[in-house]
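Q: Next input, structure requested:
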Amino acid sequence: MIITNDIIYIGVNDHAIDLFEGQYIVPNGMAYNSYAILDEKIAIMDTVDANFTEEWLKNIQDALGERKPDYLIVQHMEPDHSANIVNFVDAYPEAQIVSSVQAFKMMKNFFGTDFAEKQVVVGEGDKLNLGKHELTFVAAPMVHWPEVIVTYDSTDKVLFSADGFGKFGALDVEEDWACEARRYYIGIVGKYGLQVQNLLKKAAGLDIQVICPLHGPVLSENLGYYLDLYNTWSGYQPEEEGVVIAYTSVYGNTKKAVLQLAEKLEQNGCPKVVVNDLARCDMAEAVEDAFRYSKMVLATTTYNGEVFPFMREYIHHLTERNYSNRTVGLIENGSWAPLAAKVMQGMFEKSKNITFTDTTVRILSALDENSTAQLDSLANELCRE
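A: Numbers count the residues shown, from 1 in each chain. Here you go, the predicted structure:
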């Protein structure tokens with residue numbers, strides 16, 4: 001893939017993977033992106049996953065022909081991007097390695113060496129001249145590891161964005177960018193919104209025409225769309241108006257209440273209603289929905305004086321990622337001592353700008369006249385705001 005006259009894509013597609021990072025379902029695989037900048041001196045941008053060593057080294061050879069790389073630039077040390085550093089050094093022993101101080105420390109941990117004789121240590125604002133191309137390095141700590149740098153090529157106006165602007169899915173599959181990029185961002189980077197905001201502020205001062213991430217497609221059109229989404233996500237703001245209902249149900253009574261509420265919301269003109277059964281859905285998709293929409297209803301049973309395990313896990317995923325700036329309604333069910341609403345509300349104690357609805361629905365085993373009236377009240381309240 002030719003990105004510019006001097007920049008060539010040399011990454012790989014992984015269709016063998018089932019779970020990315022051991023937890024995220026990736027039905028359309030994963031891309032591990034790497035790039036070659038061809039100039040008087042040649043720079044390779046990052047490596048790929050360990051399962052694709054030979055394919056990646058062949059891609060380098062095909063891109064360079066008889067030439068050899070002068071630099072390997074390591075922006076991020078997660079193994080899906082750094083696993084082949086040693087194999088690169090074995091193949092190209094005269095090349096230097098360009099990375100941050102923290103990254104070289106991590107190389108020592110991963111490989112037993114920090115390649116001291118090959119090090120070119122860079123940090124915020126440092127530059128590397130390849131000839132026609134001048135690269136500027138921008139520190140991006142905790143996006144989403146502490147050693148991360150991103151790289152700006154002022155000649156072709158390309159930002160090599162590390163894990164920023166990445167998405168799930170291999171590059172040989174056509175799919176909507178936002179859906180899988182949102183799930184990727186919230187699941188993997190979502191905790192570090194402040195750090196992403198800081199990086200976006202730095203990026204705002206650069207003339208960027210192309211974004212080359214370490215996962216997902218190269219972005220070269222409508223960049224404002226992608227930047228705006230990242231600003232929304234990292235600012236923990238709702239992307240769309242709508243209500244997400246996330247529930248667990250043991251014997252079906254809580255589910256009946258949830259389905260009634262969804263129907264009432266739609267009848268009241270709510271623009272979007274999404275229902276997730278936390279025991280059966282993809283948890284990452286349910287977390288994505290919570291961050292996408294402006295309002296959320298949590299419905300669960302009291303279980304061992306607490307809440308049902310899938311609900312507890314779900315709320316933990318939300319609060320771990322700084323869920324905030326949302327309206328939340330609660331539905332609890334219990335046969336003798338309902339406590340779920342109190343427990344759920346307490347789990348958001350450290351969250352910012354969470355507004356709980358005035359109405360909390362209490363079901364005593366099964367819906368009755370009182371709890372059905374509470375559903376009506378909750379639906380009206382959610383659609384009124």
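Q: what are the pairing partners of the one helix or strand in the chain whose mean pLDDT sits lowest, and which direction each?
A: Least confident helix or strand of the chain, by mean pLDDT, DSSP states H and E, is strand 306-307 with a mean of 90. In the sheet, strand 306-307 lines up against strand 293-303 (antiparallel) (DSSP bridges).
Q: Mean confidence (pLDDT) on the strand it pairs with, please.
A: Strand 293-303 shows a mean pLDDT of 95.
Q: and if you look at stretch 64-73?
A: Rounded mean pLDDT across stretch 64-73 is 97.
Q: likewise stretch 352-369?
A: Rounded mean pLDDT across stretch 352-369 is 95.
Q: quick one on the thing from earlier: same for the following helix or strand past the least confident helix or strand of the chain, what does it pack against?
A: As assigned by DSSP states H and E, the chain's next helix or strand after strand 306-307 is helix 309-320. On a contact count with 3 or more C-beta pairs under 8 Å, 6 or more residues apart in numbering; DSSP states H and E, helix 309-320 meets strand 240-247, helix 283-292, strand 293-303, helix 340-347. Where you see a C-beta, it was placed from the backbone N, CA and C, and this is true even at glycine.
Q: CA atoms only for helix 309-320, dumped as PDB, please.
A: Extracted C-alpha coordinates of helix 309-320, given in PDB (Å, rounded to 0.1, in the frame of the first residue of the first chain):
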ATOM      1  CA  PRO A 309     -22.200 -10.700  39.200                       C
ATOM      2  CA  PHE A 310     -22.500  -9.600  35.500                       C
ATOM      3  CA  MET A 311     -23.900  -6.200  36.700                       C
ATOM      4  CA  ARG A 312     -21.100  -5.800  39.200                       C
ATOM      5  CA  GLU A 313     -18.600  -6.500  36.400                       C
ATOM      6  CA  TYR A 314     -20.300  -4.100  34.000                       C
ATOM      7  CA  ILE A 315     -20.300  -1.200  36.500                       C
ATOM      8  CA  HIS A 316     -16.700  -1.900  37.300                       C
ATOM      9  CA  HIS A 317     -15.800  -1.600  33.600                       C
ATOM     10  CA  LEU A 318     -17.600   1.800  33.400                       C
ATOM     11  CA  THR A 319     -16.200   3.300  36.500                       C
ATOM     12  CA  GLU A 320     -12.700   2.000  35.700                       C
END
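Q: mind listing what's buried in that helix?
A: Buried residues in helix 309-320, counting neighbours by 16 or more other C-beta atoms under 10 Å, are found at 310-312, 314-315, 317-319.
Q: so can I have CSV of those showing distance to residue 330?
A: Formatted as CSV, the buried residues of helix 309-320 follow (distance: C-beta to C-beta, whole Å):
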residue, distance to residue 330
310, 16
311, 11
312, 14
314, 13
315, 11
317, 17
318, 14
319, 15
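Q: Go through those and say which is closest to residue 119.
A: residue 317 (38.5 Å; C-beta to C-beta).
Q: measure the closest one to residue 115 for me?
A: 37 Å (C-beta to C-beta, to the nearest Å).
Q: can you check residue 187 too?
A: Residue 187 is 32 Å from residue 115, by C-beta to C-beta.
Q: now do residue 243
A: 53 Å.
Q: More neighbours: which of those two?
A: residue 243 (25 against 18; other C-beta atoms under 10 Å).
Q: Surely the more buried one touches residue 382?
A: Yes: under the criterion of C-beta atoms under 8 Å, residue 243 makes contact with residue 382 at 5.7 Å.
Q: Any chance you could list residues touching both of these two?
A: Here residue 243 and residue 382 share the contacting residues 265, 270, 295, 297, scored by C-beta atoms under 8 Å, 6 or more residues apart in numbering.
Q: Quick check: bridge partners of the last one?
A: If I follow you right, that is residue 297. Beta-bridge partners recorded for residue 297 (DSSP bridges): residue 245, residue 329.
Q: now that we're looking at the closest residue to residue 357 other than its chain neighbours, which residues does it contact?
A: In space, and not counting its chain neighbours, residue 357 is closest to residue 329: 4.1 Å by C-beta to C-beta, 6 or more residues apart in numbering. Shown in contact with residue 329 (C-beta under 8 Å, 6+ apart): 295-298, 356-357, 359-361, 378, 381-382.
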